[in-house]
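Asks: this is a predicted model, with the sequence first.
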Amino acid sequence: MIAVLAGGVGAARFLEGVAQLMPGDAIAAIVNTGDDVQLHGLMISPDVDIVLYTLAGIIEPAQGWGVRDDTTAVLTMLQRLGVDTWFRLGDQDLAVHIMRSALLRAGARPTTIAAQLRAALGCPVRVLPMTDDAVATHIITPDGAIHFQEYLVRRRARDTVLGVAFHGIEHARPTAEVLAALADAEALLIAPSNPVVSVGTILALPGMRAAIAAAGMPVVAVSPIVAGAPIKGPAAPLMRAQGFAVSALGVAQCYHGLIDVLVIDDADRALRPAIEALGIAVVVTDTIMRGPAEKAALARAALDAARRHAAGAHP
């Protein structure tokens with residue numbers, strides 16, 4: 001069994017590659033929930049839903065989120081009623097949020113709800129929210145702290161980033177399902193997600209790093225930074241705010257002490273010696289996931305690196 005720490009779009013595409021190589025039940029995606037937000041009285045879990053929709057084959061491919069060919073009748077009516085609709089939600093997407101919110105009000109756990117959605121949508125991979133507890137990622141700006149979704153979507157990542165805070169993290173814990181997946185995993189892969197507010201949120205959970213260390217499996221990360229820029233999303237200002245260079249070396253420094261191997265793009269080959277100087281083995285390959293073949297090839301590179309490390313061989 002393989003465990004994967006996952007954020008949103010990049011992680012979902014990487015998981016598509018992993019799912020081409022092994023049975024879905026042998027893959028446990030441990031997904032960031034720090035981006036979860038409540039809007040219109042509904043609880044929305046963006047990263048969990050992106051992973052579910054992508055692996056179920058219903059994602060809107062152009063944007064990487066939402067349901068393919070979805071309509072927006074509800075959103076249009078909300079706008080007519082004068083409701084602020086800065087967060088775009090399709091009608092089928094809203095059905096998922098209505099179901100989730102109703103189940104939460106009835107006392108269901110987010111983990112149980114994710115399992116129900118997985119079964120209903122036909123997602124092959126086990127999707128595990130990182131925690132059942134409330135955690136909210138906030139971006140610290142000169143005007144104060146704002147929720148990550150407000151920073152990213154409403155304000156389009158235009159604010160100066162001074163730091164990051166994970167509200168509620170001190171009271172949150174990984175679920176029993178997450179801990180069991182880590183204990184059973186032959187390897188842990190870290191998808192090419194934002195190392196600060198996707199993977200970083202997961203790793204900030206009390207007990208998470210200890211559980212990874214106790215499992216003793218090889219840990220392989222895939223860099224989401226290529227040639228000094230993120231493939232998608234606001235990783236650059238967030239990494240700089242945390243004191244890391246926006247580079248594959250900066251990613252290695254983010255994960256220093258946790259990972260055994262870092263998979264980097266061909267464009268970053270020159271950074272290999274500096275990363276290896278940190279005690280992290282390096283695999284250099286094409287990390288741009290243009291289509292199914294490239295997704296599978298990247299997943300294979302990460303899995304092979306984990307197996308070689310477990311066997312004591314050099315990448």
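Replies: That came in fine, so what should we check first? Residues are numbered from 1 along each chain as shown.
Asks: tell me the phi and psi of residue 5?
Replies: phi -80, psi 130 (degrees, to the nearest 10).
Asks: in the chain, which helix has the most residues?
Replies: As assigned by DSSP state H, the longest helix anywhere in the chain is helix 292-310.
Asks: and that one, what does it pack against?
Replies: helix 9-21, strand 187-190, strand 219-222, strand 261-265, strand 281-285 (3 or more CB pairs under 8 Å, 6 or more residues apart in numbering; DSSP states H and E). All C-beta atoms are positioned from the backbone trio N, CA, C, and that covers glycine.
Asks: look at residue 23 and say how many residues are nearby.
Replies: Residue 23 has 10 neighbouring residues, counting by other CB atoms under 10 Å.
Asks: tell me the contacts of the residue lying closest to it once chain neighbours are set aside?
Replies: When the adjacent residues along the chain are set aside, residue 23 lies closest to residue 124, with 7.7 Å between them (CB to CB, 6 or more residues apart in numbering). If you count contacts by CB atoms under 8 Å, 6 or more residues apart in numbering, residue 124 has them with 19, 23, 24, 25, 27, 55.
Asks: about what we covered before: run the chain-centre distance for the longest helix of the chain.
Replies: With CA atoms, centre = their mean, to the nearest Å as the basis, helix 292-310 stands 18 Å off its chain's centre.
Asks: check which residues of that helix are buried.
Replies: Neighbour-count burial for helix 292-310, counted by 16 or more other CB atoms under 10 Å, picks out 294-299, 301-306, 308-309.
Asks: end to end on stretch 178-189, go ahead and measure it.
Replies: Taking CA to CA, to the nearest Å, the first and last residues of stretch 178-189 lie 14 Å apart.
Asks: again with stretch 195-203
Replies: Span of stretch 195-203 from end to end, CA to CA: 9 Å.
Asks: just the mean pLDDT for it, thanks.
Replies: Mean pLDDT, stretch 195-203: 97.
Asks: in the protein, which spans are helices?
Replies: Using DSSP H, helices in the chain cover 9-21, 46-56, 73-80, 91-105, 110-121, 148-149, 176-184, 199-204, 208-215, 235-241, 248-254, 272-276, 292-310.
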